[in-house]
Structures are given as structure tokens and as C-alpha cells.
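Engineer: what would the 3D arrangement of this be:
(chains A, B, C and D)
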4 protein chains.
Amino acid sequence: MRAIVRSFDMRGPEDCSALAAAFADGSLDPRRVVAILGKTEGNGCVNDFTRGYATLAMKLAIAGATGETPADVGERVALVMSGGTEGGLNPHMTVFASADDAAPPRAGIKRLAMGAGFTRDFAPGEIGRQAQIELTARAVRDAMRAAGIADARDVHYVQVKCPLLTAERIASADVVTHDTYESMGYSRGASALGVALALGEIASCPPDGSVCADWNLHSGVASTSAGIELLRNEVMVLGNSDAWSGDLAIAHRVMKDGIDAPALWGALADLGIDGKHQLDDAARAKLVAVLAKAEPPRTGRIRGRRHIMWDDSDINATRHARALVGGTLAGIAGDTRLFVSGGAEHQGPDGGGPVAAIARVS
Amino acid sequence: MRAIVRSFDMRGPEDCSALAAAFADGSLDPRRVVAILGKTEGNGCVNDFTRGYATLAMKLAIAGATGETPADVGERVALVMSGGTEGGLNPHMTVFASADDAAPPRAGIKRLAMGAGFTRDFAPGEIGRQAQIELTARAVRDAMRAAGIADARDVHYVQVKCPLLTAERIASADVVTHDTYESMGYSRGASALGVALALGEIASCPPDGSVCADWNLHSGVASTSAGIELLRNEVMVLGNSDAWSGDLAIAHRVMKDGIDAPALWGALADLGIDGKHQLDDAARAKLVAVLAKAEPPRTGRIRGRRHIMWDDSDINATRHARALVGGTLAGIAGDTRLFVSGGAEHQGPDGGGPVAAIARVS
Amino acid sequence: MRAIVRSFDMRGPEDCSALAAAFADGSLDPRRVVAILGKTEGNGCVNDFTRGYATLAMKLAIAGATGETPADVGERVALVMSGGTEGGLNPHMTVFASADDAAPPRAGIKRLAMGAGFTRDFAPGEIGRQAQIELTARAVRDAMRAAGIADARDVHYVQVKCPLLTAERIASADVVTHDTYESMGYSRGASALGVALALGEIASCPPDGSVCADWNLHSGVASTSAGIELLRNEVMVLGNSDAWSGDLAIAHRVMKDGIDAPALWGALADLGIDGKHQLDDAARAKLVAVLAKAEPPRTGRIRGRRHIMWDDSDINATRHARALVGGTLAGIAGDTRLFVSGGAEHQGPDGGGPVAAIARVS
Amino acid sequence: MRAIVRSFDMRGPEDCSALAAAFADGSLDPRRVVAILGKTEGNGCVNDFTRGYATLAMKLAIAGATGETPADVGERVALVMSGGTEGGLNPHMTVFASADDAAPPRAGIKRLAMGAGFTRDFAPGEIGRQAQIELTARAVRDAMRAAGIADARDVHYVQVKCPLLTAERIASADVVTHDTYESMGYSRGASALGVALALGEIASCPPDGSVCADWNLHSGVASTSAGIELLRNEVMVLGNSDAWSGDLAIAHRVMKDGIDAPALWGALADLGIDGKHQLDDAARAKLVAVLAKAEPPRTGRIRGRRHIMWDDSDINATRHARALVGGTLAGIAGDTRLFVSGGAEHQGPDGGGPVAAIARVS
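Structural biologist: As a prediction, the model looks like this:
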């Protein structure tokens, strides 16, 4: 078995024409799609309906190709839409699928491996609390098992899509916050701590009250994203495993802040890609995907300089942060097709976040 | 005579406390301030009053130190505020001043030189048309003369602050556009063509109708910025001249798009600064200022990938562009204190723009 | 035959649960739905995908109830989503359907009548020009015929949904404007002039160049709305006809500006509803729907007072205008469930627009 | 002594030209200005610098007329800028001044009276807590004494301008919230409870933790507004007193929600102004000022209909609320020159707020 990673431009949140074309020409088997990561062009905040719209369109496109119902597709495939293509970021989808490989895995050679896991739907009162952490950890372990990864050190990226609290959900329960926008942070934070718990980055489930409070706790590989369109957590683990063949591998680093260019250069070096000021054409041809988290520093400063992300009431802080990290990484890659997701609570240190690269390594 | 370039953090548009402190401790002579470039934290668009607010505060601060009236300060000093610190950009001011130097200029050694020029107030109907181009060109030549620069090739950056049309000004005259936001582009574009005309980048003043239409015409060193708070153009020329001494010099490149990292690396190389992935501490200590323009490509694409800057009705296109270029350059410099100004009409090619660096070179 | 008008709250753009419930309980026949007017909670501007999302969800809901394909539903039913619920406006859908009536129409008694019409898809170059005007007029006449309305004076509201130009569509053709946001105005304006042409409000099709230029030309009953999710014009005519029975009727006035409260009071009086400061409960119970257009005055003033709608680069002018008109009308109705649609180019005088009310009149 | 209330259009936050003209022509004595209420065209949220800019400009204008220093003017005059002219609201200032009157007060005839009071600067940790409540109550009592009002029932409007927490202030202390935007609500809420305490609307100072939590506590006449440009609370009391003469009087009602049109009609009736659908010209000529608070209901509903104010991450909830209330009131007054201020925490019931009218009553 080998991993397939394909990216397609989207002309709008609903645009699955390139995906459908790949199904139609046989280059992608719709039944073996494991997950789709999408960058949609909404605001990435509470009222970003582009995520739900893209998710619905993708379900319809896959169902149209396989004969499944859209609901069945949603059960089987992790559809993780992250809103916000600020700066120059390219609205696109990256499809993760598996395929049979003529060549069997070679002993000691680890290649890109993937697996999905899901929690049950959360009650509003569980968001941002222990229930969300523990159930997420269980889903991460399920996903590792599905990916054939036994060692936590072989996990390089764990994407989690999680719910948020709307005004209506808030009114219905005892909840961790009464602010819809804040609830996204609590949900992302608890999900990240679930990843950390599963991978042994933290020793035990922290008590209620730790989420978005005890910033010493964090994961170096979690990437979590909140959306209005779901009620459960959807998990996709990416790593390297000798149970998989093919020519793809993944590596990661933790960006210490939003301008930490050396972090991506480091992950690229692990994959055998070097460069000086910007990737040249040959190096860029090997690069298949870049996945990163963005977060404004709570200190109000980046390397001592004041930034205005938290004080801007016209543009949300996460939108600024995605734009910044998008620019930093695009300057290196020479490409704006980057999956930069906002809201890195408990994902890397304050103001920083994980960055992973997938490349052809044959 | 030598050039002094000093930057100060601003805690808000009105914050001149660091400037006043530099006047008070004698490290900066308020009577020899030639210009201040400020990045303020407004939206950089029509209703950005942070520019006018900062300008008023600076006039009061300088007047308080020199005993001049605020109006006199405004006549003497080019106060060029550019709104918009999207992404992680640092709200700051960079003060350009002159000082006497014990050591006289050395033959054949060119150092950072500066000079200011001004047009008269424009009538609303002159914005974006030949009158603005020609009067700007005249002001650029005045400024070169003031800077002691005879050869246009020694000019590396020309900052112009220019007016815009408000709804009220539009109603009063036959104007080039009835859209306030569009008027900013026409004013910036005509101002840039004025720079190109002065420096011989274009042979003659193009006919009315060329501004924001004939994109073949452009300047490689102009940086123009529109604001509601003035009615004339204010010009500052920066270049190298053997009439000046000191340890500062300036270089520039033209970014071909918003992710053209090699452009800044090239300008840095001209100043003797090299690096691989990001400037190290020693190199960063030499870097004094980075000045750049940002512009979304009219094609709707960056290196073939769709971007959404023009289709976003929540965040103006120039705001996205500043965030993108800010990220690209901050990743190189390891610093967010960058003067990135939006709206690069006729300033470099479509979607690109000039970038200049000032560094200690002794 | 009688008209049925039912409104349902929407918890999000995709929420058709109340619609599906009405289908399920038999109170609404999905096969006899003529049109749905929806107020969705997007920005109502270029990148408002809530309109397309709601449209897709409604197609799926109706198709699920009738066994049609979603595409067939789209051909048969006019789905007119208007984005933007600024101020306190309620996201909702209003369903227009027909039903058989035991009681036949009574001679001389006119009741609410409705009919739909459609143009073919427009090429990008036809938007905002004569082709769009003339084909819209033809679709309006088709819709009047379908509604059983012969006299133009019995037409009180004509809703048109029309396309816009995206950056991609602009690049592909000779188009009326290169600004995506402006293209919405051209499309709405040409569509309104098509209504005026069909109803004899203007004598002949005005020449290219009149749209968004000759403001003397306008319709007093057109309501046009632009969206990214369609390429043709979709028309729904509402009026009174003695071919229809039931207990509903419609009336309208033209608001001269956004605070013209007496206009709605006048339309209500035509329907036998009176009141003083705000409708009382009995009067409100008779009121079934309010449909209005909103537009910022180009003069920059409302009754001599400056407004800032055109100078605000953070919030689009149409968003301010919808909020204003929504407040004016909600204060009268004591209800925020109002269909207030932005962009009233050639729909009523500058800064004003039509307002229609539907009420039970038995 | 009699009260003078004069309003002037502002072409921008810094525009004091009409104010200066009134000083110059002798129609307004700059030494007797007690307070200025301004509606400026910023976002009314954290990064709204139009309030500080207008405040600085007004200080300079008054100082220019009186020979005082700007700082002295700031100590003497309550300059209360409220940001946000959403919908069609008119950017303007309303000047409150006193004048000598030939005719002495008549026994039993109460006329408009005014008085100002100030707290000391607050430490960041005092915002939103008991210290702010108690010191505000003391300032209200000072202001009543200055106004010659002894009976709390004669107080009809108490305007308070209060500080907020920025990211920098938050980092420096133990504060009530770490979110800059939320801090505005805490500061407004505590200030309103200070008014309630001074007027006996609540019996004693509620414990820390009550602000923005115990919504049963509120004032029916407080209007509080938070801004980045000050560190203390500035209070202005408006009421009727038989120590004052002149032809002006004030009345108020509490709006139960943002569409409570009858509330303003009621206050107008108290002042002898009646009307049906909108004030006619004669009635409008008597109306001098309308002062109101706006607030989105925490329930997510207005009279049972969902609104989206809290779920909108592009436009802040207070901006929607000001637009809504502005429309409701403008529809009655036939005028957009209304002082509608956002953020009505503890000012009237949830989703509602006080509305006051000042009119000529002689």
C-alpha cells in the first residue's frame, strides 16, 4: 500500500470539478480517499460557511463517483476544511488516498502513512473540557493503528477538525465560554491536548480549567481547526511507516513564531531538499504539500516588536496570523499553495506552531 | 553631512514618546529632521484616520521641541504615513535626518543621501491626470537637487505621499473616478509616473487616460501612498551620493511578485549582507530599514495559483497584499519592523513592486 | 388558484429543516413551490457563498421531497438568495407557492398572484449592457403571463436574481468593468432597467453606457440582487390578479431615502392596515411579508446630513444601507423578519428604493 | 443660567471648523463649554483611533479660542467621543454649554441642566471592578451637584466615557479579562453600575464578579462608552432643574429592544411633541438632540427572531446594534443626526437601553 497526495485548485468553496475529473480519468480512486484537507476562502471564524459548503460539495462529488450516500461518505472520509486564505494563500484541496503498490514495502524504509479516526458527537458542555481531550486521544490512537504507525516519534502531523459553540448551542447548556469566537479556541486547544495525550507529549489528561490557561502543555504535531459544520472531532494522522511503500515521506519542525523561516527549511532538509533563498524549480517539483499552524503571540510582540493582531476589531487575529505565516512560508517555497490553518492553541509554543512538509524522496 | 535613520515603536498612531525622548536626550536634532515614514495601524484605505492623527501628533511633537508652529513643521518635514500593519507588521516610525559629520565625504565613496520636495495642493480634477504627473516630476527633481544626487541611477527609493478623492471632493468637480477607493489608485499611479518621468524611466508625460490603464509604464523605485489628510504631493528621494558621509547606504531591487524573496536578498547582497535562510544576528544588526511596496496581481493569480485578494469584500485587496509581502520579507529579515506600503500602481510590474534596504556599510 | 406565502427561520444558510417539515406535514406541496426568497447571513457582496450554499441546500431539500433531480428543481423554481442580515435582520426564507382553492376567484376581486421567468445564461460581456436589459424584459413578460397579470399597474414587485463578474470571468472577455464589486451594480442596474422596459416605465431599451450612469431611468417595483452562484437572470413577478383567489394581496410604495418610514405606512394603508407608532399585535398578525431595497445615496448625504457609507473601507456601503433600511422598517413592523436587499441601482431614486408589503386582506 | 445645545456636522474626526466658526462669530462662548458628545466614524471598538483624534482636535480648537493649554481644556471639558456611525448615522458633535440668561429661572419650571464630574485615572486591575463602580458613583454625585439637581428622578441621561484594556495594559496587571474587546464591556458595565449606585437604582455596590454577570442590575439613564484614549471616567449628567432657565428640556424612556420605536415616541410626548408615522417639519424643528444606547440581545433573538450579531466575525456585534437602533430612531425623527452609542451593558435590560430626547419646550 502506498499513499497518494494530490492537490487541486478550487475556484470557489463548492468547486470539485478537478476532483471529479481525477475520479473520471481513473487517476484517483474515490473509494480509497482517506481524507481531504481544504483551504477555503471564508473568514475562518464563527460565521465561515465556506467550510460547510465545501464539505457538502465534496460529499456530493465523492458520492456521485462511488454510489454511496453523501452521509456515508461523511462517515468514511475525514473532510477537514480550514477557512481563511488571507494574504496570497491559494484556495485548494489536498486529497489523501491510498493505492495498491506493485512494489512491496522495503524493510527499514518508512514511507508516508495515513489513518483516520473519529469521536462521537460532543454535547455543548463537553467542548473545551476533559471529555473532548480524552475522546480525541482515543481517536488519535485509532488513527495511528489504521495508519500502521506504532511509534509516536513516527507521527509528524495530526489534523483534527472540531466543533464550536454558536449562540444557540451556548444557550442550551453549561458551557466553557459564552463567546462564540472564544469557543473555537477552547475546542482547538482541547483537541490539541488530546493529541499530546495520545502521543505521550503530556503524561495524563489535565484537569478542567487547563485548556487555554496552562500554556506549558502543548503538542508539537497537532493541527486543529474548528468549524460550525460538525459536532464531533475528526482526526487524521500522518507519519512514516514501513508498512507503506511509494515515494512520499513527511517531516516536521515547530515554528517558534510566525516568522520562523528556518523551521520549514529544517523540515525540508530532513526530506533531502536544500536551498538558499528560495526553492529552485527542481526542489519545488519534489515538494508535495506544506501544512502549518498560525497563531498571534499572546504577548502582543514578535521578537520584541509590537503587533496589532489582538487589538484589531476589523480583522480577526487569526486572519492576520495566517497571512503572516503564509507569507513567510511562500517566500521559501516560491508557492502560495500552502495549508496554513489558524488558531494554534496548545499547538506549539505561544505564537508558534507545527509545520510539516511532504515531499517525494524516492 | 551624513544621514541619520532611526526607527521607533509606536504604541498607537499618536505615540511620539520615543521621538520626543530622542529629541530630549540630544540624540536627534528636531531641526534637522527631513522626513518621517510611519506605518500606522489603520486600514490604509479611504477611512484611515490614523495617518492624519499620527501626522498631527508628529507635528506637535516636533513643534514642541523646536518652537515652530505645527503648520511650519508640516511645510518643512515630509511626514509620510502609510496605513496598514496587517499580518505581523510593526507600527513604527522611521525618522530621516541629517547631521554634521567630523569626517568629510571621501572621493568616490557614496553614502545615503536624502532630500524632500513638494507640489502645490491639487484640485480634485487634477488627481490621476497629467497635472499630478508633471508636478510630481518637478518635485522629484527638486528633491534630488536637495539630496545632492545628479545621476538618476543613484536614486534607490522615492517615497510620495499623495491625496485621494472623498465623496465630498468627488461631488465638487469633474474627476477621474467617482469611487473614493479607486481614487487612491489613480493618485498613487499618477504619482509613480511622475517619479518615472523625473528619472527617465519613461520618456515623456503620458496622455490622460494612461494612469491605471497602460501598465507597461512604471517606475522601479517609486513608492507612493495615498491619504485623506493632505491635498498636495510630498516627495522624499533616497539614494547614494558622494556629497554625503556616514556609514549608511541604500540599495534596491524590484520584486516581481509578492513572494519574490530573492529580490530582498539581492538588495542585501549589494550592501554586503549575505545569509542563507534568515539573517543571523550579526547581519540583522547591520540592517537599518526595509522599504517595500505590495500589490495584488491583476491576473488573479500568483505564479499560476488563484488568490482571492480582489474577490474579498470583507478585507481590501491592498490589506491582503501588505500582509503577504510583510510575511515574505519578515521571514528573511527575522524582523517585523518593515515599511510595507500598499497600492503599487505603476510601481514595478503588475503584482510586484520595489524593495529597498538601508544598512550600515562602513 | 391561490397564493401561499410562508416564512421560515434559518439557523444557517443550509438550514432547510423547517421547509422539509412543512413538506412532510403536508402543509406545503413541494411540487407547487414557485419561488423562494432567502435572506442569508453572508456579506451580500462578491465573496458571499452563503447564497450558493443556501440554494444548493434548498434544491436538495425540494428534490428530496419530490424525487426530482436538484438540477430540475433549479430549472423550475426561482431560488433568490439575497445576502446580508446586517443590523438585526432575521435570516429566513419566504416560500411562494400556489394551491388549489375550493372557492373560485370572485369577479373584480384581485388577489396575490405570482409567476416566474428566466433568461438564458449570459456571457461575461453581456452583463450590464443591452443584452441583459432586453432578455430580462422578455423574462418579466413571461413571468406576468405565468401570473395571469395583464396590466402593468397590477405588478407590485419584481424580484430578479442576476450574476456578477469574478476576476476569472473578467479576464475572459471584454467586460463593462474590471472591478468585481462594481460588476454587481452593473448587473443589478441592467436587470432593473429590464423590468422598467417590460412594464413601460421606460419607453425603449437605453443604449449601452446608460447603466449606472443615467440615473433618471429607473423602475419603481424592481428588486434586483446579484450573486456569484448563477449565470442567468431569474425573475419573479408579484402582483394582484382576479385570476387568483385566497386572502393575500400586495401593495407597494417607493421609499425616497433609507429613512422614509411613511412609504411603508402607505403601502400598509393600501392593504387596510393602519397604526400610529408601531404595528400593534393584531395588525402585525395580518402582515405576511415586507420586501424592500436599500441603497446609499450617491450624494454622500441623507436629508442634508453626511453619511459615511461610501467612505468606509471596512464595511461595504450596501451593508450599511441594508442595516439602515432594516432598522427603519423594523421600527414600524415591530419585527425583524424583513427581506431587505442591497444595491438599488435604477430601482427607485438615488438612495431610495421600492418597498412592498403582503398581507391578509380577506 | 441656561443650557445651550448645538450640533455641528463633522467632515472627519478632526473637523472642528464649524465649532471654531461658532466661537469666532460669538454664538458660542468657548469658556462655557461643559461637554461635547461626538459621534465619530471609526469602528467604535478597540482600534478606533478616531475618538482620540477628535478629542485632540477639539482640545486644540478650544485652546486656540481661549488661550488655555490643550491639557487644561481636557481637565475642564468632558469630551465624550463615541465611535461608530453605522447605517446612515451622521458624524457630528453636540456641544453642551451654559450661558447667562436675562430671564431668571421661574419657580416650579424645570429646564435642561448639566454638570460634569471626573474620576482619577484607573489602574488596569480596577477596570470592571468595585473601584470603578464606586469612584464613578462619586463622580456622578459631583456632576449632579454641579448641575443643580438634587432629586435623582430629575436625572434623564448620564453619559460616561471610560477606558479599556489594551494588550499592553493587560500584560501589566491582574485584570478582569485578557481580551481587549471584552474589556470594553466590563468597563462600560461597571460605569453603568456606578450611575445606578449614585441614583439609587441599586442599593449598594455589588461585589466583584457582578459586572457583566448579574444582568438584573442596571441603570435606566446611564450611557457609557469606552475608548482607548483615556484612563479615567468622565461623567456628564443631564436633567431638568429649576435652577436653570432657557427653553430646553429633556425626557427619556428605556427601549426594551433595538426596535422599540414607541420608547422614543414616549419621550417626545413628555416634551409635548406628537406625531404619527414620522415627525413632521414643525415637530422636527423643536427636536434638538436624541441620545440612545444600542446593544445586541444576548439571547440571540429579537422578539423571537434569530439575529446574527454575535456570530458575525467580520463586523462586531456593537456595530450591528448601532445600525439597527439608528435606523429605528431615524425612521421616527426623519433625521440621521442621532447620538447612538454601542455597548449597553447594565444600561437598560438585555438588548435594550435608554433613549433621551432634548427639545425646545417654551
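Engineer: so where do the helices sit in the stretch 101-250 of chain A?
Structural biologist: With DSSP state H, counting those that start in this stretch as the criterion, the stretch 101-250 of chain A has helices at A:130-147, A:167-171, A:180-198.
Engineer: looking at the ones you listed, which is closest to chain D?
Structural biologist: helix A:167-171 (3.7 Å; CB to the nearest CB). No exception for glycine: its C-beta is placed from N, CA and C like everyone else's.
Engineer: now do the closest one: distance to the chain's middle.
Structural biologist: Averaging C-alpha coordinates over helix A:167-171 and over its chain gives two centres that are 26 Å apart (CA atoms, centre = their mean, to the nearest Å).
Engineer: same question, stretch A:275-290
Structural biologist: Using CA atoms, centre = their mean, the offset of stretch A:275-290 from its chain centre is 21 Å.
Engineer: what is the mean pLDDT for it?
Structural biologist: Mean per-residue pLDDT for stretch A:275-290: 97.
Engineer: ok, now stretch A:215-232?
Structural biologist: Averaged across stretch A:215-232, pLDDT comes to 91.
Engineer: out of the helices of the stretch 101-250 of chain A, which one sits most buried?
Structural biologist: By mean neighbour count, with neighbours taken as mean count of other CB atoms under 10 Å in any protein chain shown, helix A:180-198 ranks first of these at a mean of 29.
Engineer: so that one versus helix D:180-199, what angle?
Structural biologist: Comparing the axes of helix A:180-198 and helix D:180-199 via axes from the mean of the first three to the mean of the last three CA atoms, to 10 degrees yields an angle of 130 degrees.
Engineer: related to what we said a few turns ago, could you point out which of the helices of the stretch 101-250 of chain A sits nearest B:Gly185?
Structural biologist: For these, the distance to B:Gly185 is smallest for helix A:180-198, at 33.3 Å, taking CB to CB.
Engineer: how about A:Arg11, phi and psi?
Structural biologist: Dihedral pair for A:Arg11: phi -80, psi -10, per degrees, to the nearest 10.
Engineer: so what's the residue count around it?
Structural biologist: A count of neighbours around A:Arg11, defined by other CB atoms under 10 Å in any protein chain shown, yields 12.
Engineer: where does A:Asp335 land in three-state SS?
Structural biologist: Under DSSP: H, G, I helix; E, B strand; the rest coil, A:Asp335 falls in the coil class.
Engineer: which residues sit against the helix or strand of chain A with the lowest mean pLDDT?
Structural biologist: Least confident helix or strand of chain A, by mean pLDDT, DSSP states H and E, is helix A:167-171 with a mean of 85. Residues from elsewhere that reach helix A:167-171, judged by CB atoms under 8 Å, 6 or more residues apart in numbering or on different chains: A:124, A:175, A:177-178, A:180, A:183, C:11, D:299-300, D:306, D:310-311.
Engineer: kindly indicate which of those residues lies nearest chain B.
Structural biologist: Nearest to chain B among these, counting by CB to the nearest CB, is D:Asp311 at 14.7 Å.
Engineer: what residues does that closest one make contact with?
Structural biologist: With contact taken as CB under 8 Å, 6+ apart, D:Asp311 is in contact with A:46-47, A:166-167, A:180, C:41, D:300.
Engineer: show me the contacts of helix A:167-171 that map onto strands.
Structural biologist: If you go by DSSP state E, those have D:Arg306 in strands.
Engineer: now render the contacts of helix A:167-171 as JSON lines, adding pLDDT.
Structural biologist: Output for the contacts of helix A:167-171, formatted as JSON lines (pLDDT from 0 to 100):
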{"residue": "A:Pro124", "pLDDT": "96"}
{"residue": "A:Val175", "pLDDT": "94"}
{"residue": "A:Thr177", "pLDDT": "93"}
{"residue": "A:His178", "pLDDT": "87"}
{"residue": "A:Thr180", "pLDDT": "83"}
{"residue": "A:Ser183", "pLDDT": "94"}
{"residue": "C:Arg11", "pLDDT": "94"}
{"residue": "D:Thr299", "pLDDT": "89"}
{"residue": "D:Gly300", "pLDDT": "92"}
{"residue": "D:Arg306", "pLDDT": "96"}
{"residue": "D:Trp310", "pLDDT": "92"}
{"residue": "D:Asp311", "pLDDT": "91"}
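Engineer: now tabulate the contacts of helix A:167-171 in TSV and tack on distance to C:Thr224.
Structural biologist: As requested, the contacts of helix A:167-171 are exported to TSV (distance: CB to CB, whole Å):
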residue	distance to C:Thr224
A:Pro124	41
A:Val175	42
A:Thr177	42
A:His178	40
A:Thr180	33
A:Ser183	38
C:Arg11	27
D:Thr299	34
D:Gly300	31
D:Arg306	26
D:Trp310	31
D:Asp311	28
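Engineer: how about the nearest residue to the residue of the stretch 1-150 of chain A found nearest chain C, chain neighbours excluded?
Structural biologist: Going by CB to the nearest CB, chain C is nearest to A:Tyr53 of the stretch 1-150 of chain A, at 4.1 Å. Excluding its sequence neighbours, the residue lying closest to A:Tyr53 (CB to CB, 6 or more residues apart in numbering or on different chains) is C:Tyr53, at 4.1 Å.
Engineer: go on, A:Leu89?
Structural biologist: Nearest non-adjacent residue to A:Leu89, counting by CB to CB, 6+ apart: A:Gly326, 4.6 Å away.
Engineer: part of a strand, is the one you found?
Structural biologist: No - under three-state DSSP, A:Gly326 falls outside any strand and is assigned helix.
Engineer: pLDDT on the helix or strand where A:Ser7 lies, on average?
Structural biologist: Taking DSSP states H and E as the criterion, A:Ser7 maps to strand A:2-9. The average pLDDT within strand A:2-9 is 97.
Engineer: touching chain C at all, it?
Structural biologist: No - applying CB under 8 Å from any CB of the partner chain, one finds strand A:2-9 separated from chain C by no less than 10.9 Å.
Engineer: same for the next helix or strand along the chain from that strand, what does it pack against?
Structural biologist: Note on strand A:2-9: by DSSP H and E, the next helix or strand toward the C-terminus is helix A:17-24. Applying 3 or more CB pairs under 8 Å, 6 or more residues apart in numbering or on different chains; DSSP states H and E, one finds that helix A:17-24 contacts strand A:2-9, helix A:50-66, strand A:92-99.
Engineer: just the CA trace of helix A:17-24, in PDB.
Structural biologist: C-alpha atoms of helix A:17-24 as PDB (Å, rounded to 0.1, in the frame of the first residue of the first chain):
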ATOM      1  CA  SER A  17     -14.500  19.900 -10.800                       C
ATOM      2  CA  ALA A  18     -10.800  19.000 -10.700                       C
ATOM      3  CA  LEU A  19     -11.600  16.300  -8.100                       C
ATOM      4  CA  ALA A  20     -14.400  14.900 -10.200                       C
ATOM      5  CA  ALA A  21     -12.100  14.900 -13.300                       C
ATOM      6  CA  ALA A  22      -9.500  12.900 -11.400                       C
ATOM      7  CA  PHE A  23     -12.100  10.400 -10.500                       C
ATOM      8  CA  ALA A  24     -13.300  10.300 -14.100                       C
END
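Engineer: next helix or strand past that helix?
Structural biologist: Downstream of helix A:17-24, the first helix or strand assigned by DSSP H and E is strand A:33-40.
Engineer: which residues touch that following strand?
Structural biologist: Contact with strand A:33-40 is made by A:10, A:13, A:48, A:50-51, A:53-54, A:58, A:62, A:77-85, A:89-98, A:114-116, A:159, A:236, A:291, A:338-341, as judged by CB under 8 Å, 6+ apart.
Engineer: pLDDT on that strand, on average?
Structural biologist: Average pLDDT, strand A:33-40: 95.
Engineer: circling back: the strand holding A:Ser7 vs strand A:33-40, what angle?
Structural biologist: Relative orientation of strand A:2-9 versus strand A:33-40 (the same axes, to 10 degrees): 30 degrees.
Engineer: elements contacting strand A:2-9?
Structural biologist: When contacts are defined as 3+ CB pairs under 8 Å, 6+ apart, strand A:2-9 packs onto helix A:17-24, strand A:92-99, strand A:111-121, strand A:248-255, strand A:287-294.
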